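>>> need coordinates for the below:
(3 chains)
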Amino acid sequence: MNPQSSSTTTSTEEAAAAQITGYLGGPARTRTRFTFWLGTLTLVGFAAVAALGLLAVPADDVQGDAVRIIFVHVPSALGAYAAFGVTAIGSLMWLWRRSLWWDTAAHAGAEVGVLLCGLTLVTGMLWGRPTWGTYWEWGDVRLVTTLILFLVMVGYLSVRSLGGDSASVATRAAVVGLVGAINIPIVNRSVTWWANRTLHQESSLTDGKLEDLTLFTLVLAFVVGAMAIYWMLIHRFRIGWLQRQISDRDLSEALRTRQAEAQQ
Amino acid sequence: MTIWRTLWRDLKLFVDDAALAASKDLRIEWRARTTLAQMLPFAALVLVLFGFAFDANRPTLELATPGLLAMTMLFVAVVAVQRSIAVESFDGARRMLVLSGMAPAAVFAGKAAAVAVQLLIIMGLLTVGVVVLYDAAVESILLVVATGVAAALGLATAGSLLGAVVAGAKTQQAVLSVLLLPVSAPVLVAASRAFGDGFGTVAVNGWSWVGLLLAFAAVNAALGAAVYGALLEDA
Amino acid sequence: MKVVRLKGAVVLVGRFPALAGVDFSVESGEVVLVRGANGAGKSTLLHLCAGLLRLSNGQGDVLGCDLASARGAVRRRVGLLGHDTALYGELTATENLRLWAQASRVGTTDITGALDRLELPTSRRDIAVDRLSAGQRRRVALAAIVLRRPELWLLDEPHAGLDSSGRKIVDNIITSAASAGAGVLLASHELRLSDDLAHRSVTLTGGRIVGDSANSTNEPTQ
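Purely as a prediction, here's the structure:
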């Protein structure tokens, strides 16, 4: 940075920005050329899915127009589980290797996952009302399991906001991440036994019931959804990483202030 | 040969340490009777208020009994775990555990065992309560006891683990409930089913539910033993 | 032999650098007084040497164990008296010491001896520690350290809250521990009391050591 820059405030801000460059090798921002084009392509993809799903795909014989919600519901459900998978792996890697990189990834996974999980639940309920005749069906295994998973991951995020130094936050959160990951199969099993009256349809993809255009739109929705989730994860990760750098910089500043006390 | 001997010795040390941690917590609880003094009135109130809520309708109450027992246990577990954390936070007592060099896994096992014992005591009194107040008929006492033990173990292990997650944080009480209650959903489901079989209100195989409860306890105990040291270090 | 060796030690407490680069060592048999204003980092230094805090920068070893990799081994061999007593309030003095002895595997036969040494009246040994006076609780906490026979004593304001007989006992304990070869690290504001005991004194300011001077009237025995 140029030491003779105009006003003092901008020069401190620029100096601060100059210090936060480690991750991207440039100024502090979350955009790279790759993610810019990925994001653009995703938006185009969303437009295509919306056009196909809302206009081109015919209404279902049984479910009517409600079938169109699967283009949002199914990709976000899979995405939620994938994002929580990132959280579980990240938690494990923090506890095993004390890797801050993985801890940041786990945090990103949890935030994106909670968003997608909420979307899954809401779209599922909206679809359930006209199709099953009820917003909520207690006997449905996947519904109840997903709700529990949602609540556990909300707990994960609230643990992250408990405060303390970064190692303590990471360890507390990682344990919650692992507790969630390990208990979900048991939750699933218990709900299965509890009320084996699942309303959830078997995968529409595999039993060949879907029309060609519907199938194509669904596959496109998967691809675009995966791109969107990847885009969100990578950006949330970069924000987390930059936040870490800011707090590291604050720490080295605090260290200098502290050392200056000794010189007085 | 020597491997077995070392294993045996390590196991003995582990059990000794766990017993030490458990007996300490139980002795402190016995002296102060905090959990018991808070939880017995609470449990009694739940029984009486449910009686009012269901219009003192005995068939309904009998049907609700298993779920009521499981649910009350869940809430009691939150309070017992909070007390188990509070014991260590008085006057830096937690430092004693850390400096002593006891194996963290043994401390975890001991503290969880102490919570389980307290849960079982409340459980036993609650069972007497539903028999007296709701006319619940115990069909298989063995199943009811086994369910109580397995559920107590599950809640105590998951609770002690998540309790260690929030220990030392300022807003721990609310967060502990937010963490423990959803994770314990299988305990609620499994215990109400198994109690239902034990009280003869639902026709299910209660023992397979007891198996699920034990699996829940085993999984959380293993995880707790593995990560408790990291929590003692960092949190 | 050096019982404590720190090089450029930086310790964060929360997000605050309580120690900001400390170079410091303690010989066995040596009594070192740590002076400094409130917030200078004295307690943090003691907790670091007890293996309770993580080094966020720099190096250090205590009793030959590396502070980065073997803090667990350090903890088992040191005795730390902090501002709080680390006792369980609902348990009696005897019960607290028995628990401590069993947990650190030092045998329970010396409990009475340790309490005798701190001159805790027999009538006060079997009531809950909660109901003891602050000075008596302090004596119990010291008895717990005596019981363990640590190789490094870390005493934070050991004279605080003690009467004159208590202070004399503390001085005796420190002197005999040092002559038995243990290192003693003493954080204190009561310089008149501690100066006679110490072989050396260091001054902490702003998380760094700014002064280190031998006490000419009091040389280590070794």
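
>>> find the nearest non-adjacent residue to A:F222, please.
Among residues not flanking A:F222 along the chain, A:P75 sits closest, at 5.4 Å (C-beta to C-beta, 6 or more residues apart in numbering or on different chains). Quick note: C-beta positions are derived from backbone N, CA and C, even for glycine.

>>> doesn't A:A221 make contact with the one you found?
Yes: taking C-beta atoms under 8 Å as the contact criterion, A:P75 and A:A221 are neighbours in contact, 5.2 Å apart.

>>> which residue is nearest the centroid of chain B?
Chain B has B:A156 as the residue nearest its centroid, 3.3 Å off, counting by C-alpha atoms, centre = their mean.

>>> let me see the contact set for that residue.
B:A77, B:A80, B:V81, B:A112, B:A113, B:V115, B:A116, B:L119, B:A217 (C-beta atoms under 8 Å, 6 or more residues apart in numbering or on different chains).

>>> from these, which ones fall inside helices?
Among the contacts of B:A156, DSSP state H puts B:A77, B:A80, B:V81, B:A112, B:A113, B:V115, B:A116, B:L119, B:A217 in helices.

>>> give me the neighbour count for the fourth one.
The burial metric for B:A112, expressed as a neighbour count using other C-beta atoms under 10 Å in any protein chain shown, is 32.

>>> which among the ones in helices among the contacts of B:A156 gets closest to B:A169?
The closest of the ones in helices among the contacts of B:A156 to B:A169 turns out to be B:V81 (C-beta to C-beta; 13.8 Å).

>>> tell me the predicted confidence for the closest one.
Looking at B:V81, its pLDDT reads 93.

>>> any idea how far A:F237 is from A:G64?
Going from A:F237 to A:G64 by C-beta to C-beta, to the nearest Å gives 40 Å.

>>> which one's more surrounded, the two?
For A:F237 versus A:G64, the count of surrounding residues by other C-beta under 10 Å is larger for A:F237: 22 against 11.

>>> surely the more buried one and A:A110 touch.
No: contact criterion C-beta under 8 Å: A:F237 and A:A110 do not qualify, at 11.6 Å.

>>> where are the low-confidence patches of chain B?
Within chain B, the stretches with pLDDT under 70 are B:1, B:235.

>>> what residues does it put near chain A?
Counting by C-beta under 8 Å from any C-beta of the partner chain, chain B comes close to chain A at B:158, B:161-162, B:164-166, B:168-172, B:175, B:178-179, B:181-183, B:185-186, B:189-190, B:193, B:208-209, B:212, B:215-216, B:219-220, B:223, B:227, B:230-231, B:233-235.

>>> so which helix or strand of chain C has the lowest pLDDT on average?
One helix or strand of chain C scores below all others by mean pLDDT, DSSP states H and E: helix C:191-195, with a mean of 71.

>>> other SSEs contacting the helix or strand that that helix is followed by?
Under the assignment DSSP states H and E, the closest C-terminal helix or strand after helix C:191-195 is strand C:200-205. Judged by 3 or more C-beta pairs under 8 Å, 6 or more residues apart in numbering or on different chains; DSSP states H and E, strand C:200-205 is in contact with strand C:31-36, strand C:208-214.

>>> which strands border strand C:200-205, and is each parallel or antiparallel?
strand C:31-36 (parallel), strand C:208-214 (antiparallel) (DSSP bridges).

>>> point out the most buried one among the ones you listed.
Ranked by mean neighbour count under mean count of other C-beta atoms under 10 Å in any protein chain shown, these are led by strand C:31-36, which reaches a mean of 23.

>>> just give me how far that one sits from the chain centre.
How far strand C:31-36 lies from its chain's middle: 11 Å, per C-alpha atoms, centre = their mean, to the nearest Å.

>>> what sits up against the following helix or strand past it?
Next along the chain after strand C:31-36, taking DSSP H and E as the criterion, comes helix C:42-49. Contact partners of helix C:42-49, identified using C-beta under 8 Å, 6+ apart, comprise C:4, C:6, C:9, C:11, C:13, C:18-19, C:22, C:24, C:34-36, C:53, C:55, C:60, C:62, C:67, C:74, C:78, C:80, C:82-83, C:152, C:154-156, C:185, C:187, C:204, C:207.

>>> what residues of the helix or strand hosting C:L80 count as buried?
For C:L80, the host element (DSSP H and E) is strand C:78-81. Of the residues in strand C:78-81, C:V78, C:G79, C:L80, C:L81 count as buried by neighbour count, 16 or more other C-beta atoms under 10 Å in any protein chain shown.

>>> spit out the contact partners of residue 146.
No chain was given, so I picked chain A. Residues in contact with A:T146 (C-beta under 8 Å, 6+ apart) are A:A77, A:A80, A:C117, A:T120, A:L121, A:G124.

>>> that was the other one, I meant chain C.
Shown in contact with C:V146 (C-beta under 8 Å, 6+ apart): C:A114, C:R117, C:L118, C:I173.

>>> give me the mean pLDDT for the helix or strand containing it.
For C:V146, the element it lies in under DSSP H and E is helix C:134-148. Average pLDDT, helix C:134-148: 92.

>>> thinking B:L74 is in contact with B:L188, fair?
Yes: assessed by C-beta under 8 Å, B:L74 is found in contact with B:L188 at 6.0 Å.

>>> on that earlier part again, show me the contacts of A:T146 that map onto helices.
Counting by DSSP H, the part of these found in helices is A:A77, A:A80, A:C117, A:T120, A:L121, A:G124.

>>> tell me the one among those nearest to chain B.
Distance to chain B across these (C-beta to the nearest C-beta) is lowest for A:C117, with 12.5 Å.

>>> related to what we said a few turns ago, quick one: which of the contacts of C:V146 is nearest to chain A?
Of all these, chain A sits closest to C:I173, with 32.2 Å by C-beta to the nearest C-beta.

>>> in whichever strand or helix holds the closest one, what counts as buried?
With secondary structure defined by DSSP H and E, C:I173 is part of helix C:164-179. Using 16+ other C-beta under 10 Å as the test for burial, helix C:164-179 gives C:G166, C:I169, C:V170, C:D171, C:I173, C:I174, C:A177, C:A178.

>>> and the second one, how far from C:P158?
In this structure, C:I169 and C:P158 are 10 Å apart, going by C-beta to C-beta.

>>> quickly list what's touching both of these two.
With C-beta under 8 Å, 6+ apart as the test, C:I169 and C:P158 both reach C:L142.

>>> from the residues of chain B next to chain A, list the buried ones, please.
Buried subset of these (neighbour count, 16+ other C-beta under 10 Å): B:158, B:161-162, B:164-166, B:168-169, B:172, B:175, B:178-179, B:181-183, B:185-186, B:189-190, B:193, B:209, B:212, B:215-216, B:219-220, B:223, B:227, B:230-231, B:233-235.

>>> out of those, which touch chain C?
Restricting these to those near chain C - C-beta under 8 Å from any C-beta - leaves B:E233.

>>> for chain A, which residues are neighbours of chain B?
Residues of chain A found near chain B, taking C-beta under 8 Å from any C-beta as the criterion, are A:95, A:148, A:151-152, A:154-155, A:158-159, A:162-164, A:167-168, A:170-172, A:174-176, A:178-180, A:182-183, A:186-187, A:189-191, A:193-194.
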